[in-house]
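Undergrad: Give me coordinates for this.
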Amino acid sequence: MTEKIKVTFLGTGGMIPTEKRNHPAFFLSYANEGILVDCGEATQIQFRKARISPNKITRILLTHRHGDHTFGLPGLFRTLAMGGYKKKLLIYGPSGIKKTIENIFLAFGSTTEYEIEVKEVMGKFFETNDFYLEAEAMSHGPKCNAYSFILKEKSRIDKKKMRKLKIKEGKHLSGLKEKGYLIYNGKKYLASNLLFKESGKKISFVMDTSMNNRIIPFVQNANLLVCEASFGEELSEKAADYMHLTSTQAGEIAKKAKVKKMIITHISERYEKNSKILLNEAKKHFRNTFLVNDLDVIEV
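TA: Prediction:
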């Protein structure tokens, strides 16, 4: 079986953090990849609370330059330096994010202990044999990206069938997918009888944005959609003014995009004591919606 994709919700709050909800930050881990989406203030502390080493970070995806999504970067940079981080830290973001990182270095000093590379991205911007990353432009004043992590469909060897046919593991299995068959103990076995298709998976992150026609195609059929829901429907005009989504709009997006599951996040402090209002509004349109807390973990 394939490794699980795990998303740890390091911060689920909005512009102003509360006692229960920190600034936005989400850590997606898969195999040897550790992808941090946004880095709000005190994200380094949230890593410690979650019992995850920041050294597991391989790349950072920044949705936009606003402080509640980037104020944690200076502290995180120093934590990595003091913690012996040796990898090249890859940071991706929308147009203009290089200037944001340069200004952080001007304010707090550059990092010399390890290399940092910043890339401004759109469309498919990173790919391995197992997965790829995509970005799409959102609408939020400053340039803003939504992101998707897409695990590719794979052909895998059915070990139960191998045991039934008394085929042992070994070098003879190499090239099975390419050749379409294998010879074992003088007998030919077709790959179609030994392989099965393991479907891919898609995790999408949509943070600060107003409603736009790019969201639904971008998150279409996602196994998990992590979506902002900063405002309730009673504040829909304010949401439009500040270029954010309402919980109702998040529910409509999930339904129309036929996603499997949605987590609403970026919860405004005004809903600290009644956040279920947002959950219930979203659920009216998409029943498989959930509201998580800081440090909660979802596996896909």
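Undergrad: Report the buried residues of the helix or strand Val7 falls within.
TA: Val7 is part of strand 6-11, with elements assigned from DSSP states H and E. Using 16 or more other Cβ atoms under 10 Å as the test for burial, strand 6-11 gives Val7, Thr8, Phe9, Leu10, Gly11. C-betas here are computed from N, CA, C, even on glycine.
Undergrad: do the same with stretch 143-155
TA: Lys143, Cys144, Asn145, Ala146, Tyr147, Ser148, Phe149, Ile150, Leu151.
Undergrad: how about the second one, what does it touch?
TA: So the one you mean is Cys144. Cys144 is in contact with Thr63, His64, Pro94, Ala137, Met138, Met207, Asp208, Thr209, counting by Cβ atoms under 8 Å, 6 or more residues apart in numbering.
Undergrad: still on that earlier bit, just the closest of the buried residues of stretch 143-155 to Phe218, please.
TA: Proximity of the buried residues of stretch 143-155 to Phe218 was ranked by Cβ to Cβ; the top entry is Ala146 with 5.8 Å.
Undergrad: State the distance from that closest one to Asp208.
TA: Distance, Ala146 to Asp208, by Cβ to Cβ, to the nearest Å: 10 Å.
Undergrad: what's the overlap in contacts for these two?
TA: Residues within reach of Ala146 and of Asp208 at once, by Cβ under 8 Å, 6+ apart, are Thr63, Met138.
Undergrad: Rebuild the buried residues of strand 6-11 as a markdown table, extending it with pLDDT.
TA: As requested, these are exported to a markdown table (pLDDT from 0 to 100):
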| residue | pLDDT |
| --- | --- |
| Val7 | 98 |
| Thr8 | 98 |
| Phe9 | 98 |
| Leu10 | 98 |
| Gly11 | 98 |
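Undergrad: Let me know the closest of these to Tyr114.
TA: Leu10 (21.2 Å).
Undergrad: Am I right that the closest one is in contact with Thr43?
TA: Yes: using Cβ atoms under 8 Å, Leu10 is in contact with Thr43, at 5.8 Å.
Undergrad: circling back: just the ones of the buried residues of stretch 143-155 in strands?
TA: Using DSSP state E, the members of those that fall within strands are Asn145, Ala146, Tyr147, Ser148, Phe149, Ile150, Leu151.
Undergrad: how much space between the second one and His266?
TA: What that stands for is Ala146. Taken as Cβ to Cβ, the span from Ala146 to His266 is 13 Å.
Undergrad: Check Phe108 too.
TA: Distance, Phe108 to His266, using Cβ to Cβ: 26 Å.
Undergrad: For those two, work out which one has more neighbours and name it.
TA: Remark: of Phe108 and His266, His266 carries more neighbours, 28 against 13, as counted by other Cβ atoms under 10 Å.
Undergrad: what's near enough to touch the more buried one?
TA: Contacts of His266 by Cβ under 8 Å, 6+ apart are Thr12, Gly13, Gly14, Pro24, Met207, Asp208, Glu228, Ala229, Ser230, His244.
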